[in-house]
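> Task: produce atomic coordinates for the following.
(one chain, ligands or ions: 2)
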Amino acid sequence: MAGLSSAPTEEDPRLSAVIRPAARRFAEVVCPPEVRADDRTERVLREFGLMLGALPAAARKALATALILLDQGARVYPPSRGRRFARLDDRTADAYIRALLARHDAAAEMVQRLKGVVTMCYYDLPEVQREIGYDPAPYIAAVSRRRLETYGPQIRAGEAAVTEGLPARGQPWSAPSGLTSQAEIAGDLKLECGVVVVGSGAGGATVAAELAEAGVDVIVLEEGGYHPTGSFTAETGRALRTLYRDGGGGMAIGRPSVLFAEGRCVGGSTVVNGGMSWRTPTRVLDRWAEQEGVLAISEEDLDPYFARVESLLSVGLQDPETIGRDSELFKAGADAKGWNIVPNRRNQLHCAGTNSCTTGCPTGAKRSMLVTSVPRALSLGARLFADCRVDRVTRSGPAVTGVTGHVVRPGGRNGPAITVRARTVIMAGGAIQTPALLLRSGLRSASGQLGRNLSLHPNAMVTAFFDEDVTGWHGVHQAFQIREFAAAGLLLTAVNLTPTMLAGILPAYGRELGALMADYNRIVTAGPLVTDTGTGRVRNVPGVGPQVFYSLADRDAARVVRGVELTAEALFAAGARRVLLPFDGAPEVRSPGELRRLLARPVSRRSLQLYSIHLMGTARMSEDPRRGVTGSFGEFHGADGLFVTDASLFPGPIGINPMETVVALALRNARRLIERRDRLGF
Ligand SMILES: Cc1cc2nc3c(=O)[nH]c(=O)nc-3n(C[C@H](O)[C@H](O)[C@H](O)COP(=O)(O)OP(=O)(O)OC[C@H]3O[C@@H](n4cnc5c(N)ncnc54)[C@H](O)[C@@H]3O)c2cc1C
Ligand code: SF4
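Ligands and ions are numbered 1, 2, ... in the order given. Presented below is the predicted three-dimensional model:
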């Protein structure tokens, strides 16, 4: 690869001599001036190497190439007088970066992305975080203690309920028996079972536990590693590299492109998600029944499954002492506007309010699959292989015969081969990986819909600055949702971001970024989640792998802008002094009047800074094989023994957090499989 000596790993993150000087200069320009203190620049470069190592090869190559182009491109920038970027003095280097960003083209997008990654690396340094008043470890320790002191017996009872009455096969926290990780696999593996499940997230872990309970011989293959609760901290960079696919930096290409994140670890995205747990809205279920003919999907049909999800995952309201100041301000803003705002329902067992859901819950309070259905499935006899990536579904004629894949060694290297023979294959890799895997296995849907119809609930983030101390990282992740505009396809929420994540998205660099981040403890970040009408597509691009394309509809772009406006209005009503909007080049806004004047002019669609954590719809259910990829219960149209049970199944966006829907469908579909097990032969 051009720019790096080798794909860097946690052990060897060194940048090659080709890009190192430019990367160093770039870090000095885009990070606050204090980056030059002590050995900080060196450590930023080390982090940068680690982050590049977490990216897929194509993205790594693209960023390395972007650095080379940025370095050499400076020669034709007149004020540089023929010097490369690494050789420019501070003022010229700064002017050059500013000129590149102002172009609003593909080059600007690349520089923006590089800036995001490098400034994230800077704000991931612990002493930099302490300088801006962020020191989560003592806080986490204190509220975790408080949680156990206040609710110890209920917590112990709730945790025990996961495997109550089941044969004891090990401790869920440490190394449960039945779970095998890459270090324990020395050579090629050939396995046989009744049902093989690909992925251990919301859909996969749930279906595995249900089938195992019915006595089915189940194997789960999970590409990500096993990271127990005791390993979780608030260290964002490390979490992005170990718990997320591609360091959390997926990119749906379009105008604008949309950043997205997928979990990749035992427990899948549920390990890093916010824990919001809501039933599918009735109108959405009705639409699925009417438009796609989906059977047994009414509210009445799903009611028992929702109730079971809520019991299995301890879904409920937060204890009041865990509501942080950022959430209170957000609610105060909504109340002042007279808007409908509701407390969030979350899958948590006396959540401690550490606000570190996205880096893995350090208390186990968030009832992710890692601490519920995975230990349950293992206790019931399922076998789970972590660090095992499935490459293909194998077939004989129209019937599936199992899967093949390989062990993933540290640094992403390919290890021994894995072959699992099974007459039933259940795909639960999530809405990007499931269609990508099926397509690369040569499967096609007569409907042409496999990999298409991707919805992603675009989000945008408003950053509001208050005079008072907010300390948004004290308290639960997202305590409320503004529902006032649900009919218009908008949900508004406040979500505290770690300094690492915030630095990556703020529209500033250098000294200006430092000044914004110095106010970290007086910031509230909030924004709209949009029910989208446009769709995207997953394709396997040769040399790149799965690539997502997404086209934001004009109507959705207008919704994003309206959602941003409403969010900013609520934050002003709560007392914000100024807000930053997620539109490239937008000036800071200091009052509702300024906001109105700014938004009276059209906002270019391309300038929207969007991200997504809700990916859905790429193997949609429909009883009509000309419209859908699977039938009503996840059975793949046109392949015997192949099922899908993850967020790919949704015929369209649901306008609410999707996890509970995925789990409920997995429970329902597992029931159906069990009823037909004789016919399916397992
Ligand atoms: C940061 C974040 C916050 C979120 N917050 C919320 C929230 O608060 N509430 C909510 O309802 N939803 C939330 N979501 C979304 C929710 O977590 C997902 O919708 C849900 O987990 C999807 O379930 P799934 O089974 O489709 O996929 P996942 O849970 O993502 O699981 C898929 C698993 O399959 C594995 N896999 C993929 N390909 C392969 C392969 N080839 N071989 C082996 N294994 C493979 C992956 O590594 C992964 O572990 C959030 C998501 C993220 C990323
Ligand atoms: S806020 Fe999230 S990470 Fe913290 S205890 Fe609650 S569920 Fe766990």
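> residues contacting the residue of the stretch 551-682 of the chain found nearest ligand 2?
When distances are taken as C-beta to the nearest ligand atom, the stretch 551-682 of the chain approaches ligand 2 most closely through residue 659, which lies 13.1 Å from it. Using the backbone N, CA and C atoms, a C-beta is placed for each residue, glycine as well. Residue 659 sits next to 202, 269, 270, 273, 276, 277, 347 when contact means C-beta atoms under 8 Å, 6 or more residues apart in numbering.
> wait, isn't the fifth one in contact with residue 478?
So the one you mean is residue 276. Yes. With contact defined as C-beta atoms under 8 Å, residue 276 counts as touching residue 478 (6.4 Å).
> could you check the distance from the residue of the chain most remote from its centre over to residue 91?
Using C-alpha atoms, centre = their mean, the residue of the chain lying farthest from its centre is residue 81. It sits 43.8 Å away. Per C-beta to C-beta, to the nearest Å, residue 81 is found 13 Å from residue 91.
> hmm, back to that, for residue 276 and residue 478, indicate the residue with more neighbours.
A side-by-side neighbour count of residue 276 and residue 478, using other C-beta atoms under 10 Å, places residue 478 first with 24 against 21.
> For the more buried one, give me its contacts.
For residue 478, the contacting residues are 274, 276, 327, 344, 493, 494, 495, by C-beta under 8 Å, 6+ apart.
> so who does the residue sitting nearest the centre point of the chain touch?
When the chain is reduced to its mean C-alpha position, the closest residue under C-alpha atoms, centre = their mean turns out to be residue 261, at 3.1 Å. With contacts defined as C-beta under 8 Å, 6+ apart, the neighbours of residue 261 are 244, 245, 248, 249, 250, 269, 272, 611, 612, 613.
> ok, and the closest non-adjacent residue to it?
Excluding its sequence neighbours, the residue lying closest to residue 261 (C-beta to C-beta, 6 or more residues apart in numbering) is residue 248, at 4.4 Å.
> how does this structure divide into domains?
The chain breaks down into these domains under automatic domain parsing: 20-122, 150-232+364-447+619-680, 248-262+317-363+455-612.
> Assign residue 91 to helix, strand or coil.
The local conformation at residue 91, judged by DSSP: H, G, I helix; E, B strand; the rest coil, is helix.
> Turn the contacts of residue 261 into JSON lines, including pLDDT.
Converted to JSON lines, the contacts of residue 261 look like this (pLDDT from 0 to 100):
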{"residue": "244", "pLDDT": "97"}
{"residue": "245", "pLDDT": "96"}
{"residue": "248", "pLDDT": "94"}
{"residue": "249", "pLDDT": "90"}
{"residue": "250", "pLDDT": "93"}
{"residue": "269", "pLDDT": "98"}
{"residue": "272", "pLDDT": "98"}
{"residue": "611", "pLDDT": "96"}
{"residue": "612", "pLDDT": "97"}
{"residue": "613", "pLDDT": "97"}
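> Also near ligand 1: which of those residues, exactly?
Under the cut-off given by C-beta under 6 Å from any ligand atom, ligand 1 has 269, 272, 613 from those close to it.
> can you map out the helices along the stretch 551-682 of the chain?
Secondary structure of the stretch 551-682 of the chain (DSSP state H, counting those that start in this stretch): helices at 554-573, 592-600, 659-675, 677-680.
> Repeat that for the stretch 201-350 of the chain.
Going by DSSP H, counting those that start in this stretch, the stretch 201-350 of the chain shows helices at 202-213, 236-243, 282-292, 299-312, 325-337.
> of those, which approaches ligand 1 most closely?
Closest approach to ligand 1 among the helices of the stretch 201-350 of the chain (C-beta to the nearest ligand atom): helix 202-213, 3.3 Å.
> Also compute the angle for the closest one relative to helix 659-675, please.
Helix 202-213 runs at 30 degrees relative to helix 659-675, counting by axes from the mean of the first three to the mean of the last three C-alpha atoms, to 10 degrees.
> Quick one: work out the angle between helix 202-213 and helix 299-312.
Orientation check (the same axes, to 10 degrees): helix 202-213 against helix 299-312 gives 80 degrees.
> Mean neighbour count, distance to residue 36 and mean pLDDT added to the helices of the stretch 201-350 of the chain, as TSV?
Conversion of the helices of the stretch 201-350 of the chain to TSV gives the following (neighbours: other C-beta atoms under 10 Å; distance: least, C-beta to C-beta, whole Å; pLDDT from 0 to 100):
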stretch	mean neighbour count	distance to residue 36	mean pLDDT
helix 202-213	29	45	97
helix 236-243	23	20	96
helix 282-292	16	53	97
helix 299-312	16	52	97
helix 325-337	22	32	98
